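# Here is a sequence together with a model predicted from it:
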Amino acid sequence: MLDTASLIKILAQPQKIVITTHHKPDGDAMGSSLGLYNYLIQQGHHVKVVTPTDYPDFLAWLPGNGEVIIYTENVEQSAGLIADADLIFCLDFNALNRINEMGELVAESTAVKVMIDHHLEPQDFDDYRYWDINACATAQLIYTFITEELDNAKLINKDVATCLYTGIMTDSKSFSLPNTTSDVHRIIAGLMDAGAVNWHIYDQVYNNSSENRLRFLGICLSEKLEVLHDFNTAIITANKEDLHKYEVITGDTEGIVNYALSVTGIKLAAFIVERPDKVKLSLRSKGEFPANDICKKYFNGGGHRNAAGGIYEGTLEQAVNQFKSILPEYKKLLIQ
Ligand code: 5GP
Ligand code: MN
């Protein structure tokens, strides 16, 4: 493992840098990546953000977005950049399977690998690690990495601040989760002082739905919500036909699970969606209930205690039955 002084030494010279993040990047993944991008380009580095897949349109306004390379749409170029890189920053993930086929390319690359992340149980593939599970967002860690580790607060300009604000706002559910500490609010104040415009960022991210997306949400709530009162659990499902009818695209399903969690008394919520090759589950929970435990044990996934995800190889109906069948094991925690 490198220490911070050695990393600072490397970054003192212009380097070829790739920044990457988990597949289907969310607000924190893109906010962290482009926040760090906008910081590093000020120092003369040659920087590329390479995402494993596409990401939601409501993030496409972020400063620097035009420079992002999507791996699945530019395989050769991405592979070349990864192979040639001096440094690879791995943000908001800590296991190489979270970046799909890019994982092998990153593993094979001789670049110095820097992990900045807030997920549990990091895999050992990195040379430098800035990791804290108590951080509410990786964007929070990018902020303290720049301001404290690199001691370069003066380079937090409007673009950096806008990206990092977006990451913190989205991962903290608009500053509503328990890990939104007073330190986080002080960081947010710092980002606003550096030029982040809070109301504008909120508007871009949350008031930016297509008509189809809103109508799809409508049927999820009116027809697809199932409340299992005996287990304080709520499920929303979406099948292929629903996705087709409402022309659902990347990002359209984000946040739907939170509506299930907002039913009074609900401790565990699941959004279960039929994707072309598998079934994807998004779980959210309240308090001590370990949603990540269910994903890890039964759905080949993981995540945080209150926000986790996984997959199921089979039909949507089987996935829902599997999910329901494991609830008795957790009944005590769910009804206490
Ligand atoms: P989402 O429900 O938004 O897809 O994911 C919620 C959280 O669970 C995110 O923090 C994400 O990193 C994590 N997560 C989602 N899917 C997976 C997965 O397949 N494996 C692991 N390890 N984590 C996941
Ligand atoms: Mn995150």
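In hand now; what should we look at? Numbering: from 1, shown residues only. Ligands and ions are numbered 1, 2, ... in the order given.

# for the stretch 151-300 of the chain, what spans make up the helices?
For the stretch 151-300 of the chain, the helices defined by DSSP state H, counting those that start in this stretch cover 158-171, 182-193, 198-206, 211-223, 240-245, 256-261, 291-298.

# Let's have the ones you listed in CSV, adding mean neighbour count.
Placement of C-beta: from N, CA and C, glycine included. Output for these, formatted as CSV (neighbours: other Cβ atoms under 10 Å):
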stretch, mean neighbour count
helix 158-171, 27
helix 182-193, 15
helix 198-206, 14
helix 211-223, 14
helix 240-245, 13
helix 256-261, 21
helix 291-298, 20
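
# any chance of the ones you listed in TSV, plus distance to ligand 2 and mean pLDDT?
Output for these, formatted as TSV (distance: least, Cβ to the ion, whole Å; pLDDT from 0 to 100):
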stretch	distance to ligand 2	mean pLDDT
helix 158-171	4	98
helix 182-193	13	98
helix 198-206	15	98
helix 211-223	22	97
helix 240-245	25	97
helix 256-261	15	98
helix 291-298	13	98
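
# Using TSV, lay out these together with distance to Ile99.
As requested, these are exported to TSV (distance: least, Cβ to Cβ, whole Å):
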stretch	distance to Ile99
helix 158-171	18
helix 182-193	27
helix 198-206	23
helix 211-223	26
helix 240-245	24
helix 256-261	23
helix 291-298	18
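
# Around ligand 1, which positions in the stretch 201-336 of the chain sit nearby?
Applying Cβ under 6 Å from any ligand atom, we find that the stretch 201-336 of the chain lies next to ligand 1 at Ser282, Gly301, Gly302, Gly303, His304, Ala307, Ala308, Gly309, Gly310, Ile311.

# The same query, at a cut-off of 8 Å, please.
With the criterion set to Cβ under 8 Å from any ligand atom, the stretch 201-336 of the chain comes near ligand 1 through 254, 257, 271, 280-284, 292, 295-296, 299-304, 307-311.

# of those residues, buried ones?
With neighbours counted by 16 or more other Cβ atoms under 10 Å, these contain buried members at 254, 257, 271, 280-284, 292, 295-296, 299, 301-304, 307-311.

# Tell me the residue of the stretch 201-336 of the chain that sits nearest ligand 2?
Proximity of the stretch 201-336 of the chain to ligand 2 (Cβ to the ion) peaks at His304, 8.3 Å away.

# List phi and psi for that residue.
phi -90, psi 170 (degrees, to the nearest 10).

# And it, how far from Lys173?
Noted for His304: a distance of 12 Å to Lys173, by Cβ to Cβ, to the nearest Å.

# Go ahead and confirm Tyr71 touches Tyr55.
No: Tyr71 lies out of contact with Tyr55 (Cβ atoms under 8 Å); the separation is 11.6 Å.

# picking that back up, right, so of the helices of the stretch 151-300 of the chain, which gets closest to Leu2?
Shortest distance between Leu2 and the helices of the stretch 151-300 of the chain, using Cβ to Cβ, is found for helix 158-171: 23.3 Å.

# now that closest one, how far from the centre of its chain.
Centroid separation for helix 158-171 versus its chain: 13 Å, with Cα atoms, centre = their mean, to the nearest Å.

# Same question for stretch 19-34.
Distance, centroid of stretch 19-34 to centroid of chain: 6 Å (Cα atoms, centre = their mean).

# Same check on stretch 154-166?
18 Å.

# same check, this time on stretch 194-214
Offset of stretch 194-214 from its chain centre (Cα atoms, centre = their mean): 17 Å.

# end-to-end on it?
Using Cα to Cα, to the nearest Å, the end-to-end distance of stretch 194-214 comes to 34 Å.

# is it true that Gly303 touches Ile294?
No: with contact defined as Cβ under 8 Å, Gly303 does not reach Ile294; the gap is 10.0 Å.

# Now for the two: what residues contact both?
Leu283 (Cβ atoms under 8 Å, 6 or more residues apart in numbering).

# Quickly list the domain ranges of this structure.
Domain assignment for the chain by automatic domain parsing gives 4-206, 211-335.

# Kindly compare burial across the ones you listed and name the winner.
domain 4-206 (a mean of 19; mean count of other Cβ atoms under 10 Å).
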